[in-house]
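Undergrad: need the 3D shape of this:
(2 chains)
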Amino acid sequence: MADSTILAKPLALHWQQPGPRLFSAIKGLLFLVCLLPLAQLLWHTLAGQAVNPIEDLTRGLGTWTLRFLLLTLCVSPLRALGAPGWLLRLRRMLGLYAFFYACLHLLTYLWLDQFFDWAAIVRDIVKRPFITVGMLAFGLLLPLAITSSDGWIRRLKRNWGKLHRLVYVIAPLGVLHYLWLVKRDLQSPLIYAAILAVLLLWRVWRYLRPTLAARVK
Amino acid sequence: MFPHEITTMLIKTLTDRLSSTDITPQEVYLNRRQFMAGSAGLLLPVSAIAALPATKSPLSTSEKPNSRDDITSYNNYYEFGTGKDEPALYARRLKTRPWTVTVDGEVTKPRTFDIDSLLKMKLQERIYRLRCVEGWSMVIPWIGFPLADLLKQVQPTSRAKYVAFETALRPGEMPGVARRVLDWPYREGLRIDEAMHPLTILAVGLYGELLPNQNGAPVRLVVPWKYGFKSIKSISRIHLLEKQPPTSWNMAAPNEYGFYSNVNPAVDHPRWSQATERRIGEFFKRKTLPFNGYGEQVAGLYRGMDLRRNF
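TA: This next block holds a predicted model:
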């Protein structure tokens, strides 16, 4: 279908069913927007205004990992609330960005915090629950990132969906990782916990609804 | 690029940054003071703009102090919010004049000191390392006087085994106390021998000028061999007593913050390591020293004590 008709179509229809070129544009735009937090963090770190730039960078990358995880989990509920179907086709990018920010977050820890002192890193993972949990979350994210390609989706068939339900474990681990590292003021991690709880409880409700409805009858 | 090349690149960026935000030159300070004296003289009492005359001290470190910007914009002062930048944003609301410090309890001559009388004490510059329990550190040029100088004036009795400190509680001026992050008012305590130790000071100034509010104006404690939270800010009361007083962080999480809280690389915080620290402005981390490097002067205070148990 030619997008030359772009102006002929009513706007609502473009929203519901964007043509391939419009969709590519949306996707390209999202790709760039998702890089903005990184750009901002790097600017903040390297511009020389931050007092403790490495700490800010590490924390910032962790926060954005968590935000992308939650954004990924927002897609299905939004869809159920009437958002157009193409949103689903953007979910993979959001998930991969969560992985991207998680990689950078991990790298800042391994490099700028521990300077690749592997013995100290292993001690840290074993001894400190918040690091154990963070590493576990990253380890579980890894297979999801690897199997995110079309080829793997085809190869794994129904198992792909089952595998990717791991995100329901990864996201709570991520929130726990944040909760356990905070010194005293739990407000910020609890906000993430609350949002995650809503997103997960909605899924529980959706899963149980048919059973519950049947029982009422 | 190899990791070490990136490392070198980052170090360069950070050293460039250091040289540009280095300690503010003296002339700039003098000019700033002149400007303040000229423009604000009509509005402010003279005491608020005067430089603090202070003698140098052999107890100062020769390490390079952090910039005034670093010291005054990265603070933990939960009465003004839990973000590091919040004290610098909100602490100006605190009215530090008039201000009194009541010293009472197990003393022969209880007394309420006016802040102006404290500013007239024999002031010294003490350049100290400060190690935060969170794993970062700074070098800070305080102006102050030994706490012992004040305590001698009230004559502690033989029953005075501990010293309790309290931060002023001003809900109208301290936006952070609306939330019970800690059990306000902020409280700290020392054993009497720690309080009388020559390294323990009450600071009233920083970088040759009056203490900025976010750093604990008008008067704060500085105990350089303990984690920073022991050095209580904006003190309104000092109470001498026989029993160990309750202290804020210890009340909040007794398994994480002990009464002593001496800097100790061998005793980790339950949730993170205390073996290393990042000196603000440096790229690589440093090894944390026992008693924050003041072991020679203070280790004797704890002879025979199990510091793992008394953390």
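Undergrad: alpha carbons only for contacts and neighbour counts from here, please
TA: Noted.
Undergrad: show me where chain B has strands.
TA: Along chain B, counting by DSSP state E, strands occupy B:100-105, B:111-114, B:124-131, B:136-146, B:162-167, B:187-191, B:201-206, B:209-210, B:220-222, B:235-241, B:276-279, B:286-287.
Undergrad: could I get those in a markdown table, plus columns for mean pLDDT?
TA: Shown next, in a markdown table, are these (pLDDT from 0 to 100):
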| stretch | mean pLDDT |
| --- | --- |
| strand B:100-105 | 98 |
| strand B:111-114 | 98 |
| strand B:124-131 | 98 |
| strand B:136-146 | 98 |
| strand B:162-167 | 98 |
| strand B:187-191 | 98 |
| strand B:201-206 | 98 |
| strand B:209-210 | 96 |
| strand B:220-222 | 98 |
| strand B:235-241 | 98 |
| strand B:276-279 | 98 |
| strand B:286-287 | 97 |
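Undergrad: among the ones you listed, which is the most enclosed?
TA: Sort these by mean neighbour count, taking mean count of other CA atoms under 10 Å in any protein chain shown, and strand B:201-206 sits at the top with a mean of 27.
Undergrad: gap between the residue of the stretch 201-311 of chain B found nearest chain A and B:G135?
TA: Residue nearest to chain A within the stretch 201-311 of chain B: B:R271 (5.6 Å; CA to the nearest CA). Separation of B:R271 from B:G135 (CA to CA, to the nearest Å): 12 Å.
Undergrad: pLDDT wise, what is residue 3 at?
TA: Just so you know, I chose chain A. As predicted, A:D3 sits at a pLDDT of 53.
Undergrad: my question was about chain B
TA: The model's pLDDT for B:P3 equals 52.
Undergrad: what comes up buried for stretch B:247-255?
TA: Neighbour counts over stretch B:247-255 (16 or more other CA atoms under 10 Å in any protein chain shown) mark B:247-251 as buried.
Undergrad: what do you get for stretch A:198-217?
TA: Those buried within stretch A:198-217 under the rule 16+ other CA under 10 Å are A:199-200, A:203.
Undergrad: and it, C-alpha only, in CSV?
TA: Output of stretch A:198-217 as CSV, limited to C-alpha atoms (Å, rounded to 0.1, in the frame of the first residue of the first chain):
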residue,chain,number,x,y,z
VAL,A,198,-0.5,-3.1,39.4
LEU,A,199,1.0,-4.5,36.2
LEU,A,200,1.4,-8.0,37.6
LEU,A,201,-2.0,-8.1,39.4
TRP,A,202,-3.7,-7.0,36.2
ARG,A,203,-2.2,-10.2,34.6
VAL,A,204,-3.3,-12.4,37.5
TRP,A,205,-6.8,-10.9,37.2
ARG,A,206,-6.8,-11.5,33.5
TYR,A,207,-5.6,-15.1,34.0
LEU,A,208,-8.2,-15.9,36.6
ARG,A,209,-11.1,-14.1,35.1
PRO,A,210,-12.5,-17.0,33.0
THR,A,211,-12.4,-19.3,36.0
LEU,A,212,-14.0,-16.8,38.3
ALA,A,213,-16.7,-16.0,35.7
ALA,A,214,-17.4,-19.8,35.3
ARG,A,215,-17.7,-20.2,39.0
VAL,A,216,-20.2,-17.3,39.3
LYS,A,217,-22.4,-19.0,36.7
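Undergrad: what are the contacting residues of that stretch?
TA: Contact with stretch A:198-217 is made by A:73-74, A:77, A:168, as judged by CA atoms under 8 Å, 6 or more residues apart in numbering or on different chains.
Undergrad: state the mean pLDDT of that stretch.
TA: For stretch A:198-217, mean pLDDT rounds to 88.
Undergrad: cool, stretch A:170-181 as well?
TA: Rounded mean pLDDT across stretch A:170-181 is 97.
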